[in-house]
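Novice: could you look at this predicted model? Sequence included:
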Amino acid sequence: MADISVRGRIALRAAAAASWASQKAGRGKGSMIGGLIALKIDPTIMDQLGRGRRTVLVTGTNGKSTTTRMTTAALSTIGDVATQADGANMDAGIVAALSVHRSAPLAAIEVDELHLPHVSDSLNPSVVVLLNLSRDQLDRVGEINTIERRLRAGLARHPHAVVVANCDDVLITSIAYDHPNVVWVAAGSGWAMDATSCPRSGEPILWEGEHWHSTGADFRRPPPDWWLDGDKLCGPDGVRLPLRLALPGRANRGNAAQAVAAAVALGADPEQASAATGTVREIAGRYRAVQVGEHEARLLLAKNPAGWQEALSMIDPAAAGLVIAVNGQVPDGEDLSWLWDVRFEHFEGVHVVAAGERATDLAVRLTYAGVAHTTVPDPMRAIASCPAGRVEVLANYTAFRDLNRELEERTS
């Protein structure tokens, strides 16, 4: 690892002290406050912490935390890896993760899509993983094609990086299309509502099975270097590997494919990398099963229309109940009009409960979707109201966070 400047060392000592004080005060792990203080003292600290490492940056609207965890597992087959344990994917969280793992020669870093350009400039990544791009919180993220153009321009400043890009996502393909060093992965795309027109010409995108092309530009789905074939992951030179994941859903298989491609780009053995992705079982509380009274609750997180649609596809129709918890706080996006973009119509026979601070808004949407439901705003009480047995719990960001905190307090 490269030496840290005197100012940088002072910044890191101050950050460590602030993190320790935060933990002692019971205010959490303190990584964010530590990172913020380090950057305040030395704005170049991220650049310094990134030197001498081979770094993978992972970004996209959905799946960042899961893919980063899988990439970390895959890279761990060739060396120690610095990464975020808590998914803090903006500057302070990234600095905190890199400072904790100073000696690790590798890094797998989750990055908020808005932060990717300047984080790439600081860390000079060896690999950039582009998962998907869809509408998120418009009050924070803005219009989707603007984000696509910004990411494309940022990527152009790093022609030597390997870009692992999802060729099934039109917007992601546009970001990577002109880059000289792309590994294309057919990772799937269950959400196409934000890419009905070509981001380059404005003309319609035409789909023919899994293939797509623009009607107004020389822009089409590239042939993939890695793709899924049933329970196999196929890659260059005839590679065909079993892909056995502990996490559910088609999207997570795509996440694993991109994680393996990224690790292989840095020299990992494909078979070992693929096997390592199967060791990931839980990401910051997501997918875990928790005993709540007479119910076994499985917790799922979704934060935007595309993520909700994918999470809903993971719901076990044989479950005794489904609790859907929605808040409308600032981190969630206070405008819940996106509820009308999500298809809730296929839950016949499941006991559905609308919960969360915005349970009434959700209940109206469920009513129009023809979904029989009850309304119990408190998520814990909503779980208790379900028939005994397994309950699926699907929550947006702050509802998921608050429920996890309450569950931890009850078990501590």
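Specialist: Yep, it's here.

Novice: L131 - how many residues pack around it?
Specialist: Counted by other C-beta atoms under 10 Å, the residues lying close to L131 total 26. Glycine gets a C-beta too; all of them are placed from N, C-alpha and C.

Novice: mind listing the strands for the stretch 101-250 of the chain?
Specialist: Under the criterion DSSP state E, counting those that start in this stretch, the stretch 101-250 of the chain carries strands at the ranges 106-110, 127-130, 162-166, 182-186, 205-208, 211-214, 226-229, 232-234, 240-242.

Novice: can you list these in a markdown table and add distance to A265, mean neighbour count and mean pLDDT?
Specialist: Formatted as a markdown table, these follow (distance: least, C-beta to C-beta, whole Å; neighbours: other C-beta atoms under 10 Å; pLDDT from 0 to 100):
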| stretch | distance to A265 | mean neighbour count | mean pLDDT |
| --- | --- | --- | --- |
| strand 106-110 | 12 | 27 | 97 |
| strand 127-130 | 5 | 28 | 98 |
| strand 162-166 | 5 | 26 | 98 |
| strand 182-186 | 6 | 23 | 98 |
| strand 205-208 | 28 | 13 | 90 |
| strand 211-214 | 25 | 17 | 93 |
| strand 226-229 | 11 | 18 | 96 |
| strand 232-234 | 15 | 19 | 97 |
| strand 240-242 | 16 | 13 | 95 |
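
Novice: tabulate the ones you listed (TSV), appending distance to V100.
Specialist: Shown next, in TSV, are the strands of the stretch 101-250 of the chain (distance: least, C-beta to C-beta, whole Å):
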stretch	distance to V100
strand 106-110	11
strand 127-130	21
strand 162-166	25
strand 182-186	29
strand 205-208	43
strand 211-214	42
strand 226-229	31
strand 232-234	31
strand 240-242	32
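
Novice: can you give me phi and psi for T196?
Specialist: Main-chain torsions, T196, degrees, to the nearest 10: phi -80, psi -20.

Novice: so what's it closest to, chain neighbours aside?
Specialist: I205 (6.1 Å; C-beta to C-beta, 6 or more residues apart in numbering).

Novice: with A165 instead?
Specialist: What sits nearest to A165 in space, not counting adjacent residues and going by C-beta to C-beta, 6+ apart, is A176, at 3.8 Å.

Novice: for that neighbour, give me its contacts.
Specialist: The contact partners of A176, taken as C-beta atoms under 8 Å, 6 or more residues apart in numbering, are 130, 155, 163, 165, 182, 184.

Novice: go on, H179?
Specialist: Per C-beta under 8 Å, 6+ apart, neighbours of H179: 155-156, 159, 163.

Novice: as CSV, those residues with distance to R410 would be great.
Specialist: Formatted as CSV, the contacts of H179 follow (distance: C-beta to C-beta, whole Å):
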residue, distance to R410
L155, 45
A156, 50
P159, 52
V163, 44
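
Novice: and the furthest pair within those residues?
Specialist: With C-beta to C-beta as the measure, no two of the contacts of H179 lie farther apart than A156 and V163, at 10.8 Å.

Novice: so which strand or helix has L300?
Specialist: Secondary structure from DSSP states H and E places L300 in strand 295-301.

Novice: can I get the CA coordinates of that strand in PDB?
Specialist: The C-alpha trace of strand 295-301 is given here as PDB (Å, rounded to 0.1, in the frame of the first residue of the first chain):
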ATOM      1  CA  HIS A 295     -44.300 -16.800  12.800                       C
ATOM      2  CA  GLU A 296     -41.100 -17.300  10.900                       C
ATOM      3  CA  ALA A 297     -40.600 -14.000   9.000                       C
ATOM      4  CA  ARG A 298     -38.400 -13.700   6.000                       C
ATOM      5  CA  LEU A 299     -37.300 -10.200   5.400                       C
ATOM      6  CA  LEU A 300     -37.000  -8.700   1.900                       C
ATOM      7  CA  LEU A 301     -36.100  -5.100   0.900                       C
END
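
Novice: the domain parsing of this protein - what is it?
Specialist: Residue ranges for the domains of the chain, per the TED database: 1-46, 52-278, 288-411.

Novice: tell me the most buried of those domains?
Specialist: Neighbour counts (mean count of other C-beta atoms under 10 Å) averaged over each of these peak at domain 52-278, with a mean of 20.

Novice: how much space is there between the closest residue to L245 other than its chain neighbours and P242?
Specialist: Spatially, and ignoring its direct neighbours in sequence, L245 is nearest to G278 (5.4 Å; C-beta to C-beta, 6+ apart). To P242, G278 is 9 Å away according to C-beta to C-beta, to the nearest Å.

Novice: do I have it right that N132 meets C167?
Specialist: No: N132 is beyond contact range of C167, at 11.4 Å (criterion: C-beta atoms under 8 Å).

Novice: what do those two both touch?
Specialist: Residues touching both N132 and C167 by C-beta under 8 Å, 6+ apart: A187.

Novice: show me what contacts the nearest residue to G293 once chain neighbours are set aside?
Specialist: Counting by C-beta to C-beta, 6+ apart, G293 lies nearest to A384, which is 6.0 Å off, once chain neighbours are set aside. Counting by C-beta under 8 Å, 6+ apart, A384 makes contact with 292-293, 295.

Novice: and for A354?
Specialist: For A354, the contacting residues are 324, 326, 360, 362-363, 366, 373-376, 382, by C-beta under 8 Å, 6+ apart.

Novice: rerun that using 10 Å as the cut-off
Specialist: Applying C-beta atoms under 10 Å, 6 or more residues apart in numbering to A354 gives the contacts 323-326, 360-367, 371, 373-377, 382.

Novice: that one and D80: what is the separation?
Specialist: Counting by C-beta to C-beta, the gap between A354 and D80 amounts to 45 Å.

Novice: what do you get for V56?
Specialist: From V56 across to D80, the span is 14 Å (C-beta to C-beta).

Novice: overlap of the contact sets of these two?
Specialist: Contact criterion C-beta under 10 Å, 6+ apart; residues shared by V56 and D80: 106-107.
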